[in-house]
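*Asks:* Based on what follows, work out the 3D shape:
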Amino acid sequence: MELTAPNSVYLDLETTGLNCNGEDEVLEIALVGADGETLFHTLLKPERLKAWPVAESIHGISPDDVVGYPSLDEVLNPVIDLVWGRQLVIYNAPFDLSFLPDAVAEGAAEVRCCMLAFAQAYGEPDPKRGGFKWKKLGFAAEHVGHVWSGRAHSALADAQATRSVWQWLARQGAV
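*Replies:* Modelled structure (predicted):
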């Protein structure tokens with residue numbers, strides 16, 4: 001039984017790094033539908049950067065892997081179309097959205113941050129920031145019993161894990 005809105009879509013990115021100020025770029029994007037189907041998935045060739053060794057050591061995407069793939073700009077229209085009018089769920093939404101044009105979020109009916117919702121539901125206090133401690137997607141996925149169908153830190157597998165965490169949150173009445 002689907003516990004989340006049938007018009008939900010789950011998005012994940014892999015990037016050249018953690019810099020949200022425009023220096024780093026998107027290397028992979030995936031969108032998964034409410035029933036778990038892959039709606040969109042592709043590697044992306046960055047327009048400026050030629051190497052990203054630190055990020056590559058995490059997600060395994062090398063410069064050679066993205067040769068011949070489209071740029072982010074070339075896939076934006078289908079991504080915006082798939083998100084349009086839907087609830088867009090992202091694990092650490094502020095981070096991923098910082099790499100995408102505003103039109104992606106603006107086209108969604110609503111954007112929800114799965115990481116913040118999980119932090120609140122898990123309930124571990126964060127005395128430094130106030131509120132609740134943020135947990136990595138791998139921790140949240142393990143906590144909810146997600147069975148990985150791919151390698152963590154790939155956009156498609158992470159989008160599927162986000163869907164599992166969101167479904168768990170829905171069963172808890174937390175979203």
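*Asks:* how far away is the residue sitting furthest away from the middle of the chain from residue 133?
*Replies:* Within the chain, residue 127 marks the point farthest from the mean C-alpha position, 26.7 Å out by Cα atoms, centre = their mean. Using Cβ to Cβ, to the nearest Å, we find residue 127 at a distance of 9 Å from residue 133. (C-beta placed from N, C-alpha, C; glycine too.)
*Asks:* With residue 34 instead?
*Replies:* Applying Cβ to Cβ to residue 34 and residue 133 gives a distance of 28 Å.
*Asks:* repeat for residue 170
*Replies:* For residue 170 relative to residue 133 (Cβ to Cβ), the value is 21 Å.
*Asks:* The two: who's more crowded?
*Replies:* Between residue 170 and residue 133, residue 170 has the larger neighbour count (other Cβ atoms under 10 Å), namely 16 against 13.
*Asks:* Confirm that the more buried one lies within a helix, as I assumed.
*Replies:* Yes - counting by DSSP: H, G, I helix; E, B strand; the rest coil, residue 170 falls inside a helix.
*Asks:* Tell me the predicted confidence for it.
*Replies:* For residue 170, the model assigns a pLDDT of 96.
*Asks:* Could you do residue 22 as well?
*Replies:* 79.
*Asks:* and it, which of the three is it?
*Replies:* With three-state DSSP as the basis, residue 22 sits in coil.
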